[in-house]
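>>> give me coordinates for this.
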Amino acid sequence: MNTDKNIDIISRELGIKPSQVEAVARLLADDATVPFIARYRKEATGSLDEVAVIAIRDRLQELADLDKRKETVIKSLTEQEKITPELEKAVMEAETLSKLEDIYLPYRPKRRTRGTIAKEKGLEPLADKIFSGNCSDPIALASEFIDPEKGVADADEALQGARDIIAERINEESRAREIMRSHFEKKASLSSKVTKAGEKDGAKYRDYFDWSESALKAPSHRILALLRGAEEGFLSVHFLPDEEESSALLESLFVKRNSPSAGQISLAAKESYKRLMAPSMETEIKNICKKKGDREAIKVFSENIKELLLSSPLGEKCVLALDPGLRTGSKLVVLSRQGDLLHNDTIYPLEPHNKKDESEKKIKSLCSKFSVEAIAIGNGTGGRELLTFCKGINLEGIIVTMVNESGASVYSASEIARKEFPDHDLTVRGAVSIGRRLMDPLAELVKIDPGSIGVGQYQHDVDQKELKKSLDDVVSLCVNAVGVEINTASGRLLQYVSGLSPRMADAIVKQRGESGPFKTRDELLKVPGIGPKGFEQAAGFLRIRESANPLDRSAVHPESYHIVEKMAADLSCSVKDLMEREDLRNKIVLTRYVSETTGIPTLTDIVNELAKPGRDPRKDFELFTFKDGVEKIEDLEKGMKLPGVVTNVTAFGAFVDIGVHQDGLVHISELSDNYVSNPHSVVKVNDKVNITVMEIDIARKRISLSMKQFPGEKIKSSQGELTENRRVPKQTKEKQKPNQNQNQVKKPDKPDKPEINSPFAGLKDIIK
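Below is the predicted model of the structure:
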C-alpha cells in the first residue's frame, strides 16, 4: 500500500494538512474510534471534528481497496507474462478504479467473444493491416483469408471478422474510453419510457412515462424513483447521450478519411460504440448516478435518524405509558424513574367498549399508587382519542403527551425485547418502549434497527452496506456525544460506546448484575475482555453518577485526571471545589499545564467540563399539543391553521403530523416564501411547526400543507424562529423570563450546552 501517496491524495481532496491526515490514519490503525479521536486526540489531529475523521477513514479505505486491486492486476499481468515496466508504472499511477480497469481491459481474461472467434479463424492479420491503414484494397486483401474449413466463406465474412476484432480493440483503447467517459458525463440523458406492464399497473410512475433530463444533473430522489420503476418492470430507463453524435465522436478518434481502410474502420467504430462502448459507458454512468442517489438518500436518512435519536428526553420520571387499541383495548404499563416495569394492565376507554369510567378510575389509582409524573400515549390508531380522554381526567401536575411509536412493534418482537421481558407478550413490550422513548429516546431507539423507523427516503433501494455503515456512525456519534451512565444503560446502548463490542457490553451488564453497580471507572478494567485499549477508548464516554470521584461523572478522560488534580493542588483546593466554584476555575492558567501530549484544546475541554460535568447536548423537553377537536382527516378544512410535528424530511419536502393519523406533506415549494434547495436547511425531524392546510384528498388520504408565512405569523423550529422567512436566533435562556413557557419541563441538573469545544460539534453535518 502506498501510504504516503494516499495521504497526499486525501490531503489534496479534503483540504486538510498531510500531518493531520497522517495522524488520523495512525490512530485508526491503532484501533482508535472516530468519537475518541475527535474528542480526546485534538492535539494530534489539529482539532479535526467527527465529520473530517469519518471522511479520512472512508477515503483511506477506498484507496486501500484501489491498492489491493492494483496488486491483483499486477499479479494477473505477471502470470500472463504481459507485464512491462511501462505497463506496471501505468497501473501503479492509476488514481481511479475506472482508469485502472481501462488499463487492464485488453489483458483481462475474457469469455469467448466475436473478436476471439474471428481470431480463431485466422483473421487477426487482416484486422492488423486494415486498422493500421496500410491496406490499399481491403476487399482484395480479405479474399486472401477465405477458408471455408475455418468458417470464412467469402471476403465479406473475412471483413466482418476483421471488424469484430477492430471493434474490440477500439473498445479497449484506454484513451478512447477516457474521452467517451467524459462525453457521457457531459451529454448523457436520463430517460424513461413506460412499458406494457406500466401502462396497466404503473400509475404511480405516470410522471415518468415519457421523461428525459441530464443524467448527472438529475436530483437523487428522481434517479432512485426511476430505477425503482425499472426494477418493478413499469419503466424502461436509459442513461445515454445522442447515439449519432457519440458514434461520430468515437469514429473521429480512429478514422483517417484519406485512408483506403477508412470505410472498414468507420463501420467497426460504429459497431464498437453500439455493441460494446455504449453499454459499458451506460453502466458506468448508471452506477455513478445510483451512487449519487444512494449518497443523498443515505444523507437524508442519517440526518433524520440523528434528529430522532437526539430528541429531547423527559428525564427520570415515573411514567404511565399507553399503547392505544380499539377492539383489543389499550395496553397500560407503569415504569419506574429508571425505566423498570412496575405494573401492566389493559383498559377499554375507546370504541367499541367505551368503558370510560372504569378506565379513568384505574388510571387515577395507578397515578396515585406509583406517584406517576407523566403519561405517554402512542400515536397509533386511537392515539388522539386516548390523548383527549386522558387530558379530560383531573390529573393535576402530570404531563400528558403523545409519543411517536414508529418501530415499537419491531422492538416488541425482537430478541432484545424477549431478553428484557421474557414473561410478557408483545403488547406489554410495545407499551414499555413507548414510555421509555419519552424518558430517553436515544437509549430506547438504539434497540431498534434504524431501517425500521420511518424517517427515510428510498432506504430500501440504496446500497445496504453503505447505509448500515452510515447509520452505525450516526448512532455511535450520538451515543458518545451524550454519554452513557454505565450502571443503568442496556447492553444494546453500551455496545455503541466507543471501544466496546457487543461482547464487552454484555460482560459489563453481567458483572453489574453479579457484583453490583460500578463505583469507579477503574473498575471497568476488571470486566473480562476489557483491557487497557478498550478502557482507553470507552472510559471518557461512560458516566458513574454516584462515584466517589466527581471526575467519573464528567467527560474528563481518566488519562487527564492527574492534570485536574494538579490544578486543584496548585489552588489549594479539592477537585470537587474546583468543579463547584467558578471563582477557583477562573484562576486556572492553562499554559501552565501544557505538555508534549496535552495542549490548549484538551485543557480548554477539561475546564469547560469541570464547569458543566456530564453536560447533555440535547435540548430540554418541551410539551407539544395538537389542536383540540382535530382528530381525523374529516375534521380538516382548507385554510385551517394548525400546529404540527415534523416526522420525516425528504429531498422533496417534509411530512408533518397534525394529529389526524395521516401525515401531511409540505412540498419543498411550500416550505418558505423564498427558494429552498435543501429542506433540511428549513426543518428537522421533531421540529414543532405551524402549518396551513392547502388541500385534502380524503379518498386517497393525502393532505397538502404549507409553511409559507402570512403577515405577523411566526414558525418555530429547532433552527430558531423564522420571521418573514429570515432566520433569527432564539432568545437565550438567560434572557427568558421565569415561567415564560409553562409547557417546558427542565431536565434535572442538566447544564447549558457549552459554547465552545463541545464533543457534539460536527454532528450537524454528519454525512457529507
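
>>> quick one: buried residues of the helix or strand containing E157?
Secondary structure assigned from DSSP states H and E places E157 in helix 155-172. Residues of helix 155-172 classed as buried: 155, 157-172 (neighbour count, 16 or more other CB atoms under 10 Å). Quick note: C-beta positions are derived from backbone N, CA and C, even for glycine.

>>> same check on stretch 183-191?
183-184, 187-191.

>>> quick one on the thing from earlier: which other helices and strands contact the helix holding E157?
The helices and strands touching helix 155-172, judged by 3 or more CB pairs under 8 Å, 6 or more residues apart in numbering; DSSP states H and E, are helix 114-120, helix 124-132, helix 138-143, helix 262-272.

>>> out of the helices and strands in this protein, which is least certain?
Each helix and strand of the chain was given a mean pLDDT (mean pLDDT, DSSP states H and E); the minimum falls on strand 726-728 at a mean of 35.

>>> so what's the gap between stretch 261-281 and the chain middle?
Per CA atoms, centre = their mean, to the nearest Å, the displacement of stretch 261-281 from the mean C-alpha position of its chain is 42 Å.

>>> cool, and stretch 356-366?
Distance of stretch 356-366 from the chain centroid (CA atoms, centre = their mean) equals 43 Å.

>>> likewise for stretch 214-223?
Centroid separation between stretch 214-223 and its chain, computed with CA atoms, centre = their mean, is 19 Å.

>>> next: stretch 242-251.
The chain centroid and the centroid of stretch 242-251 are separated by 40 Å, computed with CA atoms, centre = their mean.

>>> and what of stretch 347-363?
Using CA atoms, centre = their mean, the distance from the centre of stretch 347-363 to the centre of the chain it belongs to is 42 Å.

>>> can you give me the buried ones in it?
If you call a residue buried by 16+ other CB under 10 Å, then stretch 347-363 has these buried ones: 347-350, 353, 359-360, 362-363.

>>> how about stretch 86-101?
The neighbour-count check on stretch 86-101 (16+ other CB under 10 Å) flags 87, 90-91, 94, 99-101 as buried.

>>> want to throw the residues you listed into CSV with secondary structure?
Formatted as CSV, the entries for those read as follows, by DSSP: H, G, I helix; E, B strand; the rest coil:
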residue, secondary structure
L87, helix
A90, helix
V91, helix
A94, coil
K99, helix
L100, helix
E101, helix
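
>>> and these as JSON lines, adding pLDDT?
As requested, the buried residues of stretch 86-101 are exported to JSON lines (pLDDT from 0 to 100):
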{"residue": "L87", "pLDDT": "95"}
{"residue": "A90", "pLDDT": "95"}
{"residue": "V91", "pLDDT": "95"}
{"residue": "A94", "pLDDT": "92"}
{"residue": "K99", "pLDDT": "93"}
{"residue": "L100", "pLDDT": "95"}
{"residue": "E101", "pLDDT": "94"}
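
>>> which of those sits closest to L126?
L87 (26.6 Å; CB to CB).

>>> mind listing what that closest one touches?
For L87, the residues meeting the contact criterion (CB atoms under 8 Å, 6 or more residues apart in numbering) are 77, 103.

>>> same deal with L584?
The neighbourhood of L584, defined by CB under 8 Å, 6+ apart, consists of 571, 573, 577-578.

>>> show me how far the helix or strand that it is a member of is from its chain's centre.
L584 is part of helix 582-585 when elements are defined by DSSP H and E. Helix 582-585 has its C-alpha centroid displaced from the chain centroid by 41 Å (CA atoms, centre = their mean).

>>> swap in stretch 428-443?
For stretch 428-443 - counting by CA atoms, centre = their mean - the centre lies 23 Å from the chain centre.

>>> going forward can the numbers begin at 50, since that is how I track them
With the count now opening at 50, the last piece we talked about shows up as stretch 477-492.

>>> quick check: mean pLDDT of that stretch?
In this model, stretch 477-492 carries a mean pLDDT of 95.

>>> ok, stretch 200-219 next?
In this model, stretch 200-219 carries a mean pLDDT of 96.

>>> okay, V122 and E130: tell me how far apart.
The span separating V122 from E130 equals 14 Å under the rule CB to CB, to the nearest Å.

>>> of these two, which one has the most company?
Each of V122 and E130 has its neighbours counted (other CB atoms under 10 Å); V122 has more, 22 against 6.

>>> please list all residues in contact with that one.
Under the criterion of CB under 8 Å, 6+ apart, the contact list for V122 reads 140, 149, 152-153.

>>> recalculate using a threshold of 10 Å.
V122 makes contact with 132, 136-137, 140-141, 143, 149-150, 152-153, 156-157, according to CB atoms under 10 Å, 6 or more residues apart in numbering.

>>> residues in contact with the closest residue to S420 other than its chain neighbours?
If the residues on either side of it in the chain are set aside, S420 comes closest to C367, at 5.7 Å by CB to CB, 6 or more residues apart in numbering. Listed by CB under 10 Å, 6+ apart, the contact set of C367 reads 383-387, 391, 416, 419-423, 447, 484, 488.

>>> just K559 next, same as before
Shown in contact with K559 (CB under 10 Å, 6+ apart): 540, 576-577.
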